[in-house]
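Peer 1: whatever this is, show me its structure:
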Amino acid sequence: MQTVRLVRQLTITLLIVFVLALSACGGGSTAQPTTAPAPTAAPTAAPEPTAVPTTAPEPTAAPTTAVSTGEPIVVGLLTDNSGLLAIYGPMLERGFTLGLEYATNGTNQVAGRPIKVVVKDTASNPETGVSLAREAIESDGADVLVGSPSSPVALAVSAVAAENKIVYIAAPAATPALTGENFNIYTFRAGRTSVQDALTMSAALLQTGKKFVQIAQDNAFGRGSAGAFYLTVKALGGEFVLNDTPEGVGTVFAPPDTTDFTPYINQLLDSGAEVLIVTWSGTGFVPMFQQMQQLGVFDVMTVATGFGDNQTMVNGYADAIGSVGVSVYHYSLFDNPVNNWLVERHKAVYGVPPDLFTESGFNAAIMLVKALEKTNGDPTANGLIAALEGMTFDGPKGKYTVRPEDHVLLQPMTLVRLLNTTDPDFKFFELVTLFTPEQTAPPCAVPAALGRCK
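Peer 2: Residues are numbered from 1 along each chain as shown. Below is the predicted model of the structure:
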């Protein structure tokens, strides 16, 4: 009965969702009413810097012992400080800034060459992302690209990187296509994929019911995440009661800028599903949950999604206490030297602890610096690719490995329980399960014609 009560409270959260097949779980066959995570405020605003602006730091000193030319290594950081995902841009930018500081011991240079960061706001728009990526390369002299929060932007930027034969470290965009069907040798991940999210929480979902349906935003992120969950849930014995085709992936898709979710929610209610998986990111999350509550979704099915950033947790999850779900990263869950340094430094500089996507930006900087150290400061692609493939490093969540065949970043993943939404230090969760990188390693999805998957 304890398990059943736990399952009834399960409102697995997510901003980025995906597939899994961890330990098998049985499940009830009847719908379990779910406590609605009732949004109580307007969509989350981007966290306000309390001290230092979020722009990347300028090199702290001119190169003094340049091994090669001594010229700056230029990084084009593509982020979102406006648009649908503006809440995530500062997290990425702050993480990358502090990651450079950490990895270079505060010098912001490698082999005598300073690292110069040029920040570009893509506004979550792929066309803008392409334009700004080209601008970074052609006008600013970017040697490497990093970012962005938006999966459609990341896919577009990845193509620009390949076209220009420079390395692109993607973070925190989670679409599996980036290192799957759209794989190119120049693109690496510094965050997880939606498949790793799904592998973390799908087993728990199967305890709540066997009949599933999904709602997702109609873009690369939503389709990638929905596809991942579709495959994982089916592999574990679940069934999808609506749009159960390889193209439909059991999902109702809605435009990312939707504000009226009524027609989409009605399809969910008519489906007869016991479990609803939600894949959504950005400001539409809160109104969607408000409308789901108004239309009674939580009275007839379990709603599963991923835990979000700290401010969204405060504003939208007050009624979801006790629920269990995946957390991409939360600063309070990891006690290791790297995370402790990040938390302390982030509080000192910005006045708040690191947030949901700070960690992936931090990882990107560590990966870049470690690779440049191996090439003695040479940022050209051949050397960096060789240095990055198979790289292992210690980061905020523990040990990470860049898988050579598809450039997926294997990493620890956490299933957590929500304890409160009012802690002044955002200590909302307790750890339920810490999965090893191997337990949530997604299958290699690089096209077979490239012959990279083992």
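Peer 1: buried sites along the one helix or strand Val432 maps to?
Peer 2: Secondary structure here is read from DSSP states H and E; on that basis Val432 sits in strand 429-435. Of the residues in strand 429-435, those with enough neighbours to count as buried (16 or more other Cβ atoms under 10 Å) are 429, 432-435. In short, each C-beta sits where N, CA and C put it, glycine included.
Peer 1: same thing with stretch 291-302?
Peer 2: For stretch 291-302, burial by neighbour count (16+ other Cβ under 10 Å) applies to 291-293, 297-298, 300-302.
Peer 1: tell me the two of those that are most distant?
Peer 2: Pairwise distances across the buried residues of stretch 291-302 peak at 17.6 Å for Gln291 and Thr302 (criterion: Cβ to Cβ).
Peer 1: what about the strand holding Val432, distance to the chain center?
Peer 2: Remark: strand 429-435 is offset 18 Å from the chain centroid, using Cα atoms, centre = their mean, to the nearest Å.
Peer 1: against which helices or strands is that strand packed?
Peer 2: When contacts are defined as 3 or more Cβ pairs under 8 Å, 6 or more residues apart in numbering; DSSP states H and E, strand 429-435 packs onto strand 413-418.
Peer 1: what does the strand it packs on contact?
Peer 2: Residues from elsewhere that reach strand 413-418, judged by Cβ atoms under 8 Å, 6 or more residues apart in numbering: 13, 192, 196-197, 199-201, 204, 307, 313, 317, 320-327, 330, 333, 397, 428-435, 437, 439-440.
Peer 1: next, the angle from that strand to strand 429-435.
Peer 2: Here strand 413-418 points in a direction 150 degrees away from that of strand 429-435 (axes from the mean of the first three to the mean of the last three Cα atoms, to 10 degrees).
Peer 1: if we can go back for a sec, what are the pairing partners of the strand holding Val432, and which direction each?
Peer 2: Pairing partners of strand 429-435, with direction, according to DSSP bridges: strand 413-418 (antiparallel).
Peer 1: starting at the chain centroid, how far to the strand it pairs with?
Peer 2: The chain centroid and the centroid of strand 413-418 are separated by 15 Å, computed with Cα atoms, centre = their mean.
Peer 1: with stretch 368-388 instead?
Peer 2: Stretch 368-388 has its C-alpha centroid displaced from the chain centroid by 24 Å (Cα atoms, centre = their mean).
Peer 1: partner residues bridging Leu431?
Peer 2: Beta bridges link Leu431 to Val416 when assigned by DSSP bridges.
Peer 1: Val117 belongs to a strand?
Peer 2: Yes - when the secondary structure is assigned by DSSP: H, G, I helix; E, B strand; the rest coil, Val117 falls within a strand.
Peer 1: burial measure for it, as a count.
Peer 2: Applying other Cβ atoms under 10 Å, we find 24 other residues in the vicinity of Val117.
Peer 1: quick one on the thing from earlier: strands - which of the buried residues of stretch 291-302 land there?
Peer 2: Using DSSP state E, the members of the buried residues of stretch 291-302 that fall within strands are Thr302.
Peer 1: so Pro379 sits right up against Leu372, yeah?
Peer 2: Yes - Pro379 is in contact with Leu372 according to Cβ atoms under 8 Å; the separation is 6.5 Å.
Peer 1: which one's more surrounded, those two?
Peer 2: Leu372 (25 against 22).
Peer 1: so the more buried one, which state does it fall into?
Peer 2: Bear in mind the rule, three-state DSSP; under it Leu372 is helix.
Peer 1: so where do the helices sit in the chain?
Peer 2: 2-8, 89-103, 126-138, 151-164, 194-205, 220-235, 262-270, 285-294, 297-300, 310-316, 337-350, 358-374, 381-388 (DSSP state H).
Peer 1: and the fifth one, C-alpha only, in PDB?
Peer 2: This file holds the C-alpha atoms of helix 194-205, laid out as PDB (Å, rounded to 0.1, in the frame of the first residue of the first chain):
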ATOM      1  CA  SER A 194      16.100  13.200 -23.300                       C
ATOM      2  CA  VAL A 195      16.700   9.500 -23.600                       C
ATOM      3  CA  GLN A 196      18.700   9.600 -20.300                       C
ATOM      4  CA  ASP A 197      15.800  11.400 -18.700                       C
ATOM      5  CA  ALA A 198      13.400   8.800 -19.800                       C
ATOM      6  CA  LEU A 199      15.600   6.000 -18.700                       C
ATOM      7  CA  THR A 200      15.800   7.600 -15.300                       C
ATOM      8  CA  MET A 201      12.000   7.800 -14.700                       C
ATOM      9  CA  SER A 202      10.100   5.400 -17.000                       C
ATOM     10  CA  ALA A 203      10.300   2.400 -14.600                       C
ATOM     11  CA  ALA A 204       8.600   4.500 -12.000                       C
ATOM     12  CA  LEU A 205       5.900   5.500 -14.400                       C
END
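Peer 1: quick one: average pLDDT of that helix?
Peer 2: Within the predicted structure, the mean pLDDT of helix 194-205 is 85.
Peer 1: mind giving me the packing neighbours of that helix?
Peer 2: The elements that helix 194-205 packs onto, with contact taken as 3+ Cβ pairs under 8 Å, 6+ apart, are helix 220-235, strand 275-279, strand 302-304, strand 324-327, strand 413-418.
Peer 1: of the ones you listed, which approaches Val146 most closely?
Peer 2: Comparing those under Cβ to Cβ, the one sitting nearest is helix 220-235, at 18.2 Å.
Peer 1: ok, and what's touching that closest one?
Peer 2: Counting by Cβ under 8 Å, 6+ apart, 14, 16-21, 150-152, 154-155, 173-177, 193-195, 197-199, 202, 205-206, 212, 214, 216, 240, 249-251, 253, 256, 277, 279-281, 442 sit against helix 220-235.
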